[in-house]
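> take this sequence and fold it.
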Amino acid sequence: MATYNKRGYKPKTKPVKEEVEEFIDDSESTTAEVFGSLDEGANKAEEWFEKNQKPVIGIIVGVLVIALLYLAYNKFVAEPAEAEAANELVLAQDSFTTALEATNTSVKDSLYMVALNGKNGKYGLLDVADNYGGTAAGNLANYYAGMSYLEVKDYQKAISHLQDFSSDDQMLAPLAKGAIGDAFMQLGQPEEALGYYEKAAGLNANDFTTPRFLFKAGVTAIELGKNDAAVKYLTQVKEEYATSDYAAQVDLYLGQAQAGN
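Numbers count the residues shown, from 1 in each chain. The predicted structure is shown next:
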């Protein structure tokens, strides 16, 4: 069948080739604008850098110098100090451990003093804490010193050294706080002692230190007339740490706390 164009008919759409050509022209125009903007931005950045070249380079050099100094400090100062402090701490730790195991009171006290003050030219715990305060060994020396002073009944010094000790260790952290509580109890300051027992009980929950200091917190709370707090702490020992050594003693004190309410 023959086809024909109606007279006066005009296509409503442009030929495909013309549309493609226009699209390419538009794309090239847009791309040129983008690159033009990028060139302009680059030129502005270059101009800014040229104007501020000296301070920028100064900042970069400063950062590099600080980084190098930090690395050098760690390599040539901090690391040797850590090793030296750890080496000095060994003898004092040995004396402390021997004192713990001793059964004779006078021998124990003597060994604790050796641990604190050193012997035969060797550093004691106090020397390590004073001379290597920024090291892990110096920090640990404060813990041992505090515990040693607690054992020889110098409670103020025990508190001072234990407060200088800082750790996230699961056992040492609560033991240090609890020992401060013990020292305050010996000084006749149960209110302060209770605060430290509560802190110790709340640190790093475990089957050893947590029931120990919950129990001490409960007993101290009874002494202070804080029976609600005592019931809370003692009940927690009974329910959550039933197999601990302190659980067997809870009922007696729990009864006192409940009777006082």
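> ok, L125 touching L116?
Yes. L125 lies in contact with L116 (CB atoms under 8 Å); the separation is 5.2 Å. Where you see a C-beta, it was placed from the backbone N, CA and C, and this is true even at glycine.
> which one's more surrounded, the two?
Under the criterion of other CB atoms under 10 Å, the comparison of L125 against L116 puts L125 first, with 32 against 25.
> that one - nearest residue in space that isn't next to it in sequence?
Residue nearest to L125 in three dimensions, not counting chain neighbours: A145, with 4.2 Å by CB to CB, 6 or more residues apart in numbering.
> can you pull out the low-pLDDT segments for the stretch 51-200 of the chain?
53-54, 56-81 (pLDDT under 70).
> quickly list what's touching both of L125 and L116.
With contacts taken as CB atoms under 8 Å, 6 or more residues apart in numbering, the residues that reach both L125 and L116 are A92, A145, S148.
> work out for me the element the last one sits within.
Which is S148. helix 136-151 (DSSP states H and E).
> and the contacts of that helix?
Contacts of helix 136-151 (CB under 8 Å, 6+ apart): 82, 85-86, 88-89, 92-93, 96, 99, 108-109, 112-113, 115-116, 125-126, 128-129, 131-133, 155, 157-162, 164-167, 172, 176, 179-180, 182-183.
> please name the nearest non-neighbouring residue to A217.
Y197 (3.9 Å).
> pretty sure the one you found sits in a helix.
Yes. Assessed with DSSP: H, G, I helix; E, B strand; the rest coil, Y197 lies in a helix.
> how about it, what does it touch?
Y197 touches K177, G178, G181, F213, L214, K216, A217, T220, counting by CB under 8 Å, 6+ apart.
> ok, so what distance separates the closest residue to M171 other than its chain neighbours from K157?
Of all residues not flanking M171 in the chain, T209 sits nearest, at 6.4 Å (CB to CB, 6+ apart). Separation of T209 from K157 (CB to CB, to the nearest Å): 23 Å.
> more neighbours: these two, which one.
T209 (21 against 17).
> touching, the more buried one and L175? I think so.
Yes. T209 is within contact range of L175, at 6.2 Å (criterion: CB under 8 Å).
> mutual contacts of the two, please.
A200.
> sorry, back to before: which of the contacts of Y197 lies closest to D251?
In terms of CB to CB, no member of those lies closer to D251 than L214, at 14.6 Å.
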